[in-house]
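> sequence and predicted model, in that order:
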Amino acid sequence: MLKRRTLQSALGAVWLFDGLLQLKFPMFTGAFVQQVLLPNAQGQPAWIADSIRSVAALSMPHIALYNALFAIVQLLIGGALLANYRTRLTLVVSFVWALCVWWFGEGFGQLLTGQTLLLAGAPGAVLIYALIGVSVWPRQHQKGTAGDGVGVASISEEGQRFARWSIGTIWLLGAFLQLQSPFLSPGGLAGSLMPGFAVRLVEGNGVPWTIALALLQLGIGIGILSRKRAHLFAFASIGVSLLFWWVGQSFGEFWTGTGTDPNSGPLMILLTLCAVPTAWQALRARVIRGIMPEQGLDGRSSDIG
C-alpha cells in the first residue's frame with residue numbers, strides 16, 4: 001500500500017514543478033497576463049470575468065515582481081511537502097493558494113462557461129491539488145515521528161474516503177460536462193482534441209463518441225463510489241486519465257513559454273491512488289505476472305497468473 005508520505009511527496013513534487021515552470025522568462029512579461037490570466041475571463045459570468053480582468057490589470061504594471069512571488073510561494077509549498085516540514089501549515093497555505101489560482105488563474109476550471117470537459121482539464125488542476133492535500137492530511141492517531149511529529153503510515157481511512165468521494169464525484173461531473181450542448185454536435189468534440197489522428201477519428205461523428213465518453217466516465221464514477229472491484233475501477237480511472245492527458249491536454253504543454261502546470265491528468269491519477277492506495281501494488285503485481293507468469297514476486301515458482 002502506498003504510504004501517506006509517498007503521496008504527500010508526489011504532491012510536493014508537482015507543486016515544486018509548477019514553481020519552476022513559473023520561472024520561465026515569458027512568465028515575467030505581459031505574456032503571462034495576456035496569454036494565461038485574461039483568457040480565463042472569456043465566456044464567464046460577469047462577476048468572474050470582471051474579477052479576473054481586475055487582477056490582470058493590477059498585476060500588469062509589476063508583473064515581474066508578482067510572478068516572482070507566485071513562483072516563490074509554489075516552490076516553498078513544494079519544498080516543504082517534500083521535506084515533511086510543518087506539513088499541516090504547508091497544506092493550509094496550499095489550500096488558500098489553490099483557491100486563488102483556481103479563481104484567477106483557471107477561472108474556476110471554466111466550469112461555468114459550458115465549454116469545458118474533463119478531457120480538456122476540468123475541473124481545474126489546482127482544485128485537484130487541494131483535494132489531494134486534504135486526502136493526505138496527517139492525522140493525530142497515525143503513528144510515526146517524522147517532520148512535524150505525525151506519521152508516515154498508510155494514508156488514513158478518512159483520507160481514502162475523502163479521496164474516493166472526490167475522484168468519484170469528478171468522474172460523475174465529467175459525464176455531465178460531456179453531455180453539454182456544444183459537444184452534442186457532429187464537430188463539437190473534435191475541438192477539444194489535440195492530436196491530428198484523434199481529431200480525424202471523431203470529426204463529423206462527434207455525437208456517438210460524446211455519448212460513449214459520457215457513459216465511460218459515468219461508469220468509472222459509479223464504480224469508484226460503490227467500492228466494488230476497487231482495483232478494476234482504479235485502473236480504469238488511471239488509464240482514462242492518461243488518455244485524456246494525451247489527447248485532450250497534450251500533456252499540459254508545460255514545455256511552452258506560458259505553460260504553468262502539467263494539467264489535470266497526473267493529478268487525477270494521484271487522487272485515484274489516494275482513494276485506492278493498494279492499486280499501485282496490484283498494478284505492479286499484474287505487470288510482473290505478465291512478464292514472468294511462472295514466477296511470484298519473490299522470484300520463486302508460483303501458481304498465480
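In hand now; what should we look at?

> residue ranges with poor pLDDT in the chain?
Applying pLDDT under 70 to the chain flags residues 140-152, 283-284, 287, 292-305.

> dump stretch 188-208 to PDB, restricted to CA.
Taking C-alpha atoms only, stretch 188-208 is exported to PDB below (Å, rounded to 0.1, in the frame of the first residue of the first chain):
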ATOM      1  CA  GLY A 188     -18.200  19.600 -31.200                       C
ATOM      2  CA  LEU A 189     -15.900  17.100 -29.600                       C
ATOM      3  CA  ALA A 190     -13.200  17.500 -32.300                       C
ATOM      4  CA  GLY A 191     -12.400  21.000 -31.000                       C
ATOM      5  CA  SER A 192     -11.400  19.600 -27.600                       C
ATOM      6  CA  LEU A 193      -8.800  17.200 -29.000                       C
ATOM      7  CA  MET A 194      -5.100  17.800 -29.800                       C
ATOM      8  CA  PRO A 195      -3.500  15.100 -31.900                       C
ATOM      9  CA  GLY A 196      -4.500  15.100 -35.500                       C
ATOM     10  CA  PHE A 197      -5.400  11.400 -35.600                       C
ATOM     11  CA  ALA A 198      -7.800  11.900 -32.700                       C
ATOM     12  CA  VAL A 199      -9.500  14.900 -34.500                       C
ATOM     13  CA  ARG A 200      -9.900  12.900 -37.700                       C
ATOM     14  CA  LEU A 201     -11.300  10.000 -35.800                       C
ATOM     15  CA  VAL A 202     -14.200  11.900 -34.300                       C
ATOM     16  CA  GLU A 203     -14.600  14.700 -36.800                       C
ATOM     17  CA  GLY A 204     -18.200  14.700 -38.200                       C
ATOM     18  CA  ASN A 205     -19.100  11.800 -35.900                       C
ATOM     19  CA  GLY A 206     -18.800  13.500 -32.500                       C
ATOM     20  CA  VAL A 207     -22.200  12.700 -31.000                       C
ATOM     21  CA  PRO A 208     -21.700   8.900 -30.600                       C
END
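
> mind listing what's buried in it?
Within stretch 188-208, the residues that count as buried by 16 or more other Cβ atoms under 10 Å are G188, L189, A190, S192, L193, A198, V199, V202, G206, V207. Just so you know, the C-beta spots here come from the backbone N, C-alpha and C atoms, and that holds for glycine as well.

> and if you look at stretch 22-34?
Q22, K24, M27, F28, T29, F32, V33.

> end to end, how far does that stretch reach?
15 Å (Cα to Cα, to the nearest Å).

> just give me how far that stretch sits from the chain centre.
23 Å (Cα atoms, centre = their mean, to the nearest Å).

> and what of stretch 125-133?
With Cα atoms, centre = their mean as the basis, stretch 125-133 stands 7 Å off its chain's centre.

> which residues are contacting it?
The contact list for stretch 125-133 (Cβ atoms under 8 Å, 6 or more residues apart in numbering) reads 7, 11, 14-15, 91, 94-95, 98-99, 101-102, 105-106, 109, 162-163, 166, 170, 252, 261-264, 267-268, 270-271, 274.

> list buried residues within those.
Buried by 16+ other Cβ under 10 Å: 7, 11, 14-15, 91, 94, 98, 101-102, 105-106, 109, 162-163, 166, 170, 252, 261-264, 267-268, 270-271, 274, out of the contacts of stretch 125-133.

> next step: those residues restricted to helices.
Among the buried ones among the contacts of stretch 125-133, DSSP state H puts 7, 11, 14-15, 91, 94, 98, 162-163, 166, 170, 264, 267-268, 270-271, 274 in helices.
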